[in-house]
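In: Could you work out the structure for the sequence below:
(one chain, ligands or ions: 1)
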Amino acid sequence: MTNPFDLSGKTALVTGGNGGIGQAIAVALARAGADIAVAGRTPPDETRALVEGLGRRFAAIPADLSSIAPIPALMEETVGTLGGLDILVNNAGLIRRDDPLDFTEADWDAVLDVNLKSVFFLCQAFGRYALGNGRKGKIINIASMLSFQGGIRVPSYAASKSGIAGITRLLANEWAGKGINVNAIAPGYVATSVTTALRADERRNAEILARIPAGRWSEPADMGGPAVFLASDASDYVHGTILPVDGGWLAR
Ligand code: NAP
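Out: Coordinates of the predicted model:
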């Protein structure tokens with residue numbers, strides 16, 4: 001019997017995979033057999049070493065996703081270098097924190113541009129490629145607990161991640177019958193640079209930990225298994241789901 005989680009011969013594009021959750025997902029997909037491209041601003045040297053150390057091919061694609069301008073070229077370069085594309089992981093993202101009364105247009109636009117606008121247009125480019133070439137495809141968007149909840153002091157982030165849930169469901173409606181699975185992973189509270197400020201705030205850190213049934217912050221590697229599942233044949237009948245990987249936070 002073949003392993004339904006095997007990604008041998010598949011290729012994956014991960015945005016913002018130079019560290020944190022993106023790197024952990026890139027490595028997990030490579031461990032399952034996929035060749036990897038990482039698109040982002042910072043050279044993903046550590047991710048390259050980890051992926052190539054697993055015997056997989058790796059491509060670094062420079063791209064600033066605060067605008068959608070690089071998307072056509074980055075898709076072309078990924079497909080040209082890896083010889084095709086089966087899996088898209090929309091991971092690149094940022095957060096800006098401030099009181100809603102003081103929140104600036106710049107902090108609104110910076111977050112929405114990367115976290116939502118570029119994600120939609122990357123999905124569109126991937127959809128055009130896969131549907132145009134009669135290929136199956138898997139899209140994994142990175143949502144958040146703030147795809148379900150409001151959060152505190154993060155208006156543009158909450159809007160962007162609620163938007164991710166919306167476009168994930170919309171694209172699943174459009175493409176489920178055409179061989180493309182569109183789903184999202186909603187990480188709980190993960191120890192990365194995005195949450196440095198939260199972990200440094202003693203009161204917020206204690207409040208958050210007290211609500212996590214698993215009793216610990218997530219490590220980026222916790223997202224690897226769910227990403228392999230959503231990238232593999234094992235999830236062929238899973239469409240439009242926002243999968244919480246949260247140590248039980250939402251169950252509380
Ligand atoms: P991270 O380590 O800061 O990763 C964010 C990634 O996004 C970095 O690779 C960053 O690249 C990239 N990025 C930001 N702006 C970009 C731009 N304009 N163009 C290209 N790449 C850009 O934080 P993380 O926690 O792993 O975040 C990854 C994803 O998970 C994000 O979508 C985040 O919202 C989501 N998430 C995180 C948590 C958590 O608790 N940590 C929870 C839920 C969801 P640079 O290094 O060049 O800035």
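
In: which phi and psi does Asp233 have?
Out: In terms of degrees, to the nearest 10, the main-chain angles of Asp233 are phi -60, psi -20.

In: Skipping adjacent residues, who's closest to it in space?
Out: Excluding its sequence neighbours, the residue lying closest to Asp233 (CB to CB, 6 or more residues apart in numbering) is Pro4, at 4.9 Å. The C-beta positions use only the backbone N, C-alpha and C, and glycine is treated the same way.

In: Would you check that Pro155 makes contact with Phe103?
Out: Yes: between Pro155 and Phe103 there is a contact under CB atoms under 8 Å: 5.2 Å.

In: So which of the two has more stuff around it?
Out: Higher neighbour count among Pro155 and Phe103: Pro155, with 19 against 16, using other CB atoms under 10 Å.

In: and the stretch 1-150 of the chain, which residues reach the ligand?
Out: 16, 18-22, 40-42, 64-66, 91-94, 114, 142, 144 (CB under 6 Å from any ligand atom).

In: list the contacts for the residue nearest to Asp233?
Out: With contact taken as CB atoms under 8 Å, 6 or more residues apart in numbering, Pro4 is in contact with 232-234.

In: same check, this time on Pro244
Out: Pro244 neighbours (CB under 8 Å, 6+ apart): 145, 148, 186, 188, 250.

In: Three-state assignment for it, please.
Out: strand (DSSP: H, G, I helix; E, B strand; the rest coil).

In: Please name the nearest non-neighbouring residue to Ile167.
Out: Using CB to CB, 6+ apart, the closest residue to Ile167 is Phe120 (5.4 Å).

In: can you check Asn141 too?
Out: Using CB to CB, 6+ apart, the closest residue to Asn141 is Ala184 (4.1 Å).
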